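A structural model of the following input is requested.
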Amino acid sequence: MSWGGTGHYKINSAVSLSFNQEMNQFSSWVETLADHASDADIRKQWDNNEAPKHYIDIDNYSEFISNGTIPQTLSGAISAHGSTFVYDNGILPWATITAYDSLKSCFERLDWDKAVLFASDLGHYVADGHMPLHITRNYDGDYTGNDGIHSRFESTMINTYISQITYSGDYIGEISDVNQYVFDYIYNNYQYVESVIAADDYATNINSDIYSSEYKSALWNYSKNFTILLFKNASHALTELIYTAWLQAGSPVMNPTGIDNPITEPTVVLQQNFPNPFSNSTKVQFSLNQNTKIILQVKDIQGNTVVEIINDVKSEGNYSFDINTENLSSGIYYLTLDTDKEHSVKQMILVR
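All right, here's what the predicted structure looks like:
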C-alpha cells in the first residue's frame, strides 16, 4: 500500500489544514476520513478489480517518455494501447477521477453517509498519486538494484519518522479541469522517482544493513524535504478536490442550522467494536447521555443496510451487546449509529 496505513491516515487527517470558511462544515468528517483512509487497500484482499486502481506504471507508455504525457481518458488510453496493456500498467488517475465523480454525485443527492466514504477513497488514490513508487514501473527498485525500497520508503521510514512530518495548509480554489489536475500532479510527482532511488543509494552507502538505524536515519535525512512536500501536496489536493466536488454539486449545506453552532456534549458515543477484525460475532458498545431515538445499523461498502440492530427510543445509559454476522460474507462493513442530530460510524472487518 502506498505510504502504508500510517501515511494514508496522516494525509487524510490533514485535509482540514486547508479548509476555508465554506468548508468548516466538513470538520466533522476529519476523523472518518482518517479512519477509512486505507479502506481501498483492504478491498484488495477480496476485490480483484481493486489493485490496478492504486498505481500507474506511466514510464511504460512510450509517449510519456517522448513528450511527458499520455492519453488522459481511459477510453483514449485503451484505444491507443489496448485494454490489457492499460490495466496491467494500472489505472490510478482514472480511479481517482471516478472516486471524485462518485463524491460529486453523493453531494448532488445529499447522501452524506456515502459521500464521506467516497471522499476517504478519493484521499487514498490522491495519496497514491503522490507516492513516487506508485507511478513507475520501478515500483520496488528492481530496475536500478534497489530491491525492497518500496516498503523501506513508504512504510518503515514513514512509521519511524511520522512525528516529524508536519506541515501547514494552503489556499484552495475551484478546479476548472479535474482530469488535467489529477494528471498534472502525477506528471509532476514522477520527478521524485529518481529522488527516492538516490535516497536509497545514499543510505546504503552510509550503512548497507537496511535494518540498521544508520540506514533508516540516512534515508530520512536525504528524503525528508521532498517527502514532507509530497504529504503536504496530497492533503491539499484532497481538500481542493472535495471542495470542487461540493461546489460543482451546488454547494449543498450539510447542517441546515448553520456551521457556527457552539460545541456541545454529544448525545451518543459509539465505541469501536471488539474484536476487530472478527470472524462470527463482535461486541458493540455505545452510551447515551439522554433518552433519544437511535438507529443502529450495519452497512456494506456500498452503503446498503445489511443488518438493522436497533430502531427505537432508548433510555440514557451504557449499552453493550454482541452482534452475530454469520449470514454475511467476508469484507468491510460499517457500524452506523444515528440520532436526529448526530451520525457516528465505525469500520468493521469480517474475516471468515
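
Going by C-alpha atoms from here, please, whenever you check contacts or count neighbours.
Fine.

what packs against the lowest-mean-pLDDT helix or strand in the chain?
In the chain, no helix or strand scores lower on mean pLDDT, DSSP states H and E than strand 343-350, which sits at a mean of 81. Contacts defined by 3 or more C-alpha pairs under 8 Å, 6 or more residues apart in numbering; DSSP states H and E place strand 343-350 against strand 268-270, strand 331-338.

The first one: which residues count as buried?
Along strand 268-270, these residues count as buried under the neighbour rule (16 or more other C-alpha atoms under 10 Å): 268-270.

Export those as JSON lines, with columns for pLDDT.
JSON lines is the format used below for the buried residues of strand 268-270 (pLDDT from 0 to 100):
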{"residue": "268", "pLDDT": "86"}
{"residue": "269", "pLDDT": "88"}
{"residue": "270", "pLDDT": "89"}
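
picking up where we left off before, list the contacts of the least confident helix or strand of the chain.
Strand 343-350 is touched from outside by 32, 35-36, 269-273, 276-280, 329-338, with contacts defined as C-alpha atoms under 8 Å, 6 or more residues apart in numbering.

And for stretch 170-183?
Applying C-alpha under 8 Å, 6+ apart, the contact partners of stretch 170-183 are 17-20, 72, 93, 96-97, 236, 239-241, 243-244, 247.

roughly how far is that stretch from the heart of the chain?
In terms of C-alpha atoms, centre = their mean, to the nearest Å, the centre of stretch 170-183 is set 18 Å apart from its chain centre.

where do the helices sit along the protein?
Assigned by DSSP state H, the chain shows helices spanning 4-13, 30-35, 39-43, 62-67, 74-81, 83-88, 92-108, 112-129, 149-151, 158-161, 178-189, 192-206, 213-248.

avg pLDDT for the fifth one?
Confidence over helix 74-81 (mean pLDDT, whole number) is 97.

burial count for residue 67?
When neighbours are counted by other C-alpha atoms under 10 Å, residue 67 registers 8.

is it true that residue 78 touches residue 89?
No: judged on C-alpha atoms under 8 Å, residue 78 makes no contact with residue 89 at a distance of 11.4 Å.

what's around residue 81, how many residues?
Residue 81 sits with 13 neighbouring residues when counted by other C-alpha under 10 Å.

which residues touch it?
Listed by C-alpha under 8 Å, 6+ apart, residue 81 has no contact partners.

let's see it at 10 Å
61, 71, 75 (C-alpha atoms under 10 Å, 6 or more residues apart in numbering).

Of these, which qualify as buried by neighbour count?
Among the contacts of residue 81, those buried by neighbour count (16+ other C-alpha under 10 Å) are 61, 71.

quick one on the thing from earlier: orientation of the least confident helix or strand of the chain relative to helix 112-129 in degrees?
Relative orientation of strand 343-350 and helix 112-129, computed by axes from the mean of the first three to the mean of the last three C-alpha atoms, to 10 degrees: 60 degrees.

mind saving the C-alpha coords of strand 343-350 as CSV?
Extracted in CSV, the C-alpha atoms of strand 343-350 (Å, rounded to 0.1, in the frame of the first residue of the first chain):
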residue,chain,number,x,y,z
HIS,A,343,-24.1,10.4,13.0
SER,A,344,-21.3,8.0,14.1
VAL,A,345,-19.5,5.5,12.0
LYS,A,346,-17.1,2.7,12.9
GLN,A,347,-15.4,0.4,10.3
MET,A,348,-15.7,-3.4,10.9
ILE,A,349,-13.7,-6.1,9.1
LEU,A,350,-15.3,-9.5,8.8
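
Give the buried subset of the contacts of strand 343-350 as a ChimeraX selection command.
Buried residues among those (16+ other C-alpha under 10 Å), as a ChimeraX selection:
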select :32,35,36,269,270,271,272,273,277,278,279,330,331,332,333,334,335,336,337,338
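
Out of the helices of the chain, which one sits most buried?
helix 112-129 (a mean of 26; mean count of other C-alpha atoms under 10 Å).

by contact count, what packs against that helix?
With contacts defined as 3 or more C-alpha pairs under 10 Å, 6 or more residues apart in numbering; DSSP states H and E, the packing partners of helix 112-129 are helix 4-13, helix 30-35, helix 39-43, helix 92-108, helix 178-189, helix 213-248, strand 343-350.

Mind checking the ones you listed for the one nearest to residue 154?
With C-alpha to C-alpha as the measure, helix 4-13 is the member of those nearest residue 154 (5.9 Å).

Can I get the helices and strands packed on helix 112-129 in CSV including distance to residue 125?
As requested, the helices and strands packed on helix 112-129 are exported to CSV (distance: least, C-alpha to C-alpha, whole Å):
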stretch, distance to residue 125
helix 4-13, 10
helix 30-35, 13
helix 39-43, 8
helix 92-108, 6
helix 178-189, 10
helix 213-248, 9
strand 343-350, 19
